[in-house]
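**Q** Need a 3D model of the sequence below.
(one chain, ligands or ions: 2)
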Amino acid sequence: MSYVPIARAPAAPKISEVALLPQDRLFVLTGAGISAESGLATFRGSGGLWNGFAVQDVATPEAWLQDPARVWNFYSMRRRDASAAKPNPAHLALAAAEEKMGDRFYLCTQNVDDLHEQAGSRRAHHMHGKLFESRCTSCEHILPDRALYTDAQKLPHCGICAAPMRPHIVWFGEVPLDLTGISRQLTAATVVLVVGTSGSVYPAAGFVYAARERGIRTVYLGPEPPDNADAFDEIVLGTASEALPTFL
Ligand code: BJW
Ligand code: ZN
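**A** Residues are numbered from 1 along each chain as shown. Ligands and ions are numbered 1, 2, ... in the order given. Okay, here's the model as predicted:
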């Protein structure tokens with residue numbers, strides 16, 4: 001694990017010197033990298049999901065309109081993989097931080113898996129939706145759903161209005177969930193900690209710029225600098241399960 005100060009600190013401080021202060025309010029944003037060590041594929045890079053699937057075929061409203069069976073096939077595969085996954089030390093460290101810090105802690109995840117909840121996080125906000133929920137395309141009714149839909153003749157329909165059900169996922173071109181709540185929490189934070197995301201998908205990748213403008217300390221943890229590295233005060237290079245428990 002190595003430490004790369006981006007903008008401040010002329011000499012690289014050790015991680016123990018940059019730990020949180022008792023009065024800090026922590027805003028955490030996680031991405032696919034935090035679940036990588038639990039065996040779930042990330043999106044970009046070699047071995048990433050977007051290497052095997054074209055994003056426009058499975059994660060856009062247009063893909064859904066064109067071929068709902070193909071979209072359900074993709075999310076059924078994701079449900080199957082995520083059902084077998086277990087939280088790793090990074091998820092556990094965040095759950096422990098929530099327990100310890102109470103209202104001074106906020107967790108926003110771009111991930112749709114339930115590993116934060118499995119680890120014990122109670123208030124994780126899933127800004128890109130939840131893999132184990134489905135939503136009615138007409139009345140917007142949301143229900144828990146772990147089923148796999150791989151037969152095009154047996155796709156699910158709403159029990160209330162009979163319209164087709166879709167994965168409760170925020171696709172490209174759709175608005176992420178509760179941006180107002182996220183913005184409120186971001187404004188109140190003293191530290192923004194970003195873990196395991198490429199910093200390439202907006203608006204999530206923009207949170208750190210907003211924080212930086214307000215003078216909030218910004219820290220990134222991951223094995224390589226993200227695309228928005230210029231917005232971070234500090235970058236800690238390492239895997240989430242190694243670097244996060246140390247930082248917290
Ligand atoms: C490790 C590790 C280890 C590896 N430990 N780390 C042009 C410019 C700017 C924006 C746009 C544009 N054209 C279109 C847009 C908007 C678009 C966008 O950002 N596109 C970009 C691609 C350019 N965004 C949207 O459409 C969003 N909506 C929107 O903008 O609405 C308009 C609006 C916004 C605000 C107000 C009003 C209106 C919606 C985005 C939805 C994203 N959906 C997805 C798929 C659905 C979920 C699913 O199927 O699971 O969400 S895309 C995919 O990317 C998924 C992720 O949540 C998201 C981010 O990916 P993430 O987490 O960063 O993963 P990777 O794979 O990219 O990176 C993994 C990282 O982990 C790497 O850095 C590794 O180093 C690291 N890592 N091992 C720690 N062990
Ligand atoms: Zn309905």
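**Q** The longest strand seen in the chain pairs with which strands, and in what direction?
**A** Among the segments of the chain that qualify as a strand by DSSP state E, the longest is strand 129-136. Sheet pairing of strand 129-136 (DSSP bridges) gives strand 142-144 (antiparallel), strand 165-169 (antiparallel).
**Q** And those: which comes nearest ligand 1?
**A** Taking CB to the nearest ligand atom as the criterion, ligand 1 comes closest to strand 165-169 out of those, the separation being 4.9 Å. Just so you know, the C-beta spots here come from the backbone N, C-alpha and C atoms, and that holds for glycine as well.
**Q** Now do the contacts for the most centrally placed residue in the chain.
**A** Compute the mean C-alpha point of the chain, and by CA atoms, centre = their mean the closest residue is residue 110, 2.3 Å away. With contacts taken as CB atoms under 8 Å, 6 or more residues apart in numbering, residue 110 has the following neighbours: 29-32, 127-128, 197, 201, 204.
**Q** go again using 7 Å as the cut-off
**A** With contacts defined as CB atoms under 7 Å, 6 or more residues apart in numbering, the neighbours of residue 110 are 30-31, 127-128, 197, 204.
**Q** out of these, which one sits closest to ligand 2?
**A** Of all those, the one with the least separation from ligand 2 (CB to the ion) is residue 128, at 21.8 Å.
**Q** Let me see the confidence value for that closest one.
**A** On pLDDT, residue 128 comes in at 98.
**Q** Tell me, please, where in the chain the pLDDT is lower than the cut-off.
**A** By pLDDT under 70, the weakly predicted segments of the chain are 1-18.
**Q** Write out the residues of it neighbouring ligand 1.
**A** Taking CB under 6 Å from any ligand atom as the contact definition, the chain meets ligand 1 at 31-34, 36-37, 42-44, 48, 59, 110, 112, 128, 169-176, 179, 196-198, 200-203, 222-224, 226, 239-240.
**Q** so of these, which ones are in helices?
**A** Mapping the residues of the chain next to ligand 1 onto helices (DSSP state H) picks out 33-34, 36, 179, 240.
**Q** Tell me the buried residues within the residues you listed.
**A** For those, a burial check counting by 16 or more other CB atoms under 10 Å picks out 33-34, 36, 240.
**Q** Nearest to ligand 1, out of the residues you listed: which one, please.
**A** If you rank those by distance to ligand 1 using CB to the nearest ligand atom, residue 33 comes first, at 2.3 Å.
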